[in-house]
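>>> pasting the structure only:
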């Protein structure tokens, strides 16, 4: 699989239209998921600035170090490169040349990704231009997945679920969270994930599970406890993000009740997904189940977040978000209950809105499973 020439050109054309609609003359992007989305070019943030600049009415340009220039060979679209050497005192002149003779009054950036380093070069090259956040402009493009994107996300899910099954076969009482996390990373890579994982797996046992973003520790898997496993794989630059909660040995009635409640909340959230439904309605559907069970105070985060070339992007399933769902939107459904100093439960699926409802990319069983025997 690869991004087609037609898709890349279509993305850049849509961006031009979106910039015009937003009253922006150009958009500047650091190395970021959005830059890769629009160009299929991969860079990392370093002391050497890289800036892709997209215009509302002209082909893009890119400022980059000479050593990165080979990446531009044989690109299927027009882009003008402005390269610089290792002498930092000359870099501002290169930015100036890239933007000279451009009539730019309003410049957009992604404030979640843009660094002060590139901002200063940009501001010096265009001292009269108004620079503003254009994150929503880019999000409006990335939020809708085409068939190739959905296929990549499905493969990222398939890899992750296969890796989880393999890792759990090695789980045993006495293994530490770190050891199980390491085994899961190994299995993700063995099963085909790209090395740039969405995030390092979260493995949290017992009371650590009450922290939604716990970091794997030396705590050992013990009988009578729950373990939350939150992880994902990467395929063609697209991510999966999955959570399941497992039991170790014999569980208490309350542990089983809380897990069942979260399982029902997850199902309610997924059932609420359809074109025209509001994001806050999806959140409410899941939250109502947990409220009714008496655990409302312990569901301490939103029900879901968008998923694609970032693990957190638009749209967000949260209270107060009136955005209406449309086909092609992809996101997580991940209700949870977290009882401080005791245990936590989260069940997370990856879904895509269809013409009449949703497709769940994730298929791993949601019912309680006992591991570590």
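Nice, thanks for sending it over. In this text the structure is predicted, and so the values were computed from the model without any measurement.
>>> gap between stretch 161-168 and the chain center?
How far stretch 161-168 lies from its chain's middle: 21 Å, per Cα atoms, centre = their mean, to the nearest Å.
>>> ok, now which ones touch the most centrally placed residue in the chain?
For the chain, the residue nearest the mean C-alpha position is residue 311 (1.3 Å; Cα atoms, centre = their mean). Residue 311 makes contact with 198, 199, 232, 239, 241, 305 under the criterion Cβ atoms under 8 Å, 6 or more residues apart in numbering. For the C-beta atoms, the positions are set from N, CA and C on the backbone; glycine is no exception.
>>> Are any of those buried, and if so which?
198, 232, 239, 241, 305 (16 or more other Cβ atoms under 10 Å).
>>> Need phi/psi at the second one.
Torsion angles at residue 232 (phi, psi; degrees, to the nearest 10) stand at phi -170, psi 170.
>>> picking up where we left off before, of all the buried ones among the contacts of residue 311, which comes closest to residue 327?
Top of the list for closeness to residue 327, among those and by Cβ to Cβ, is residue 305 at 18.6 Å.
>>> Once you drop chain neighbours, what's closest to that closest one?
If the residues on either side of it in the chain are set aside, residue 305 comes closest to residue 312, at 4.8 Å by Cβ to Cβ, 6 or more residues apart in numbering.
>>> ok, now residue 205?
residue 227 (4.6 Å).
>>> Does the one you found fall in a helix, a strand, or a coil region?
Secondary structure, DSSP: H, G, I helix; E, B strand; the rest coil: residue 227 is strand.
>>> beta partners of it?
Note on residue 227: beta-bridge partners by DSSP bridges are residue 205, residue 246.
>>> For it, give me its contacts.
Here residue 227 is in contact with 177, 180, 203-206, 209, 221, 245-248, 371 (Cβ under 8 Å, 6+ apart).
>>> Neighbour-wise, give me the winner out of the residues you listed.
The most crowded member of the contacts of residue 227, judged by other Cβ atoms under 10 Å, is residue 203 (30 neighbours).
>>> Tell me how far that residue lies from residue 254.
22 Å (Cβ to Cβ, to the nearest Å).
>>> same question, residue 37
Residue 37 is 45 Å from residue 254, by Cβ to Cβ.
>>> Look at those two and report which has more neighbours.
Between residue 37 and residue 254, residue 37 has the larger neighbour count (other Cβ under 10 Å), namely 22 against 11.
>>> Is that one within a helix or a strand, and which one?
Taking DSSP states H and E as the criterion, residue 37 maps to helix 33-39.
>>> Quick check: next helix or strand after the top helix by length along the chain?
Determined from DSSP state H, the single longest helix within the chain is helix 147-168. Proceeding N to C from helix 147-168, the next assigned helix or strand is helix 177-190, under DSSP H and E.
>>> Name the residues that touch that next one?
For helix 177-190, the surrounding residues in contact (Cβ under 8 Å, 6+ apart) are 159-160, 162-164, 166-167, 170-171, 195, 197, 200-205, 208, 216-221, 227, 229, 231, 233.
>>> Just the buried residues out of these, in PyMOL syntax.
In PyMOL syntax, the buried subset of the contacts of helix 177-190 is picked out as below (16+ other Cβ under 10 Å):
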select buried, resi 159+160+162+163+164+166+167+171+197+201+202+203+204+205+208+216+219+220+221+227+229+231+233
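>>> Contacts only, for the nearest residue in space to residue 85 that is not next to it in sequence.
Nearest residue to residue 85 in three dimensions, chain neighbours excluded: residue 66, at 5.8 Å (Cβ to Cβ, 6+ apart). Neighbouring residues of residue 66 by Cβ under 8 Å, 6+ apart: 83, 84, 85.
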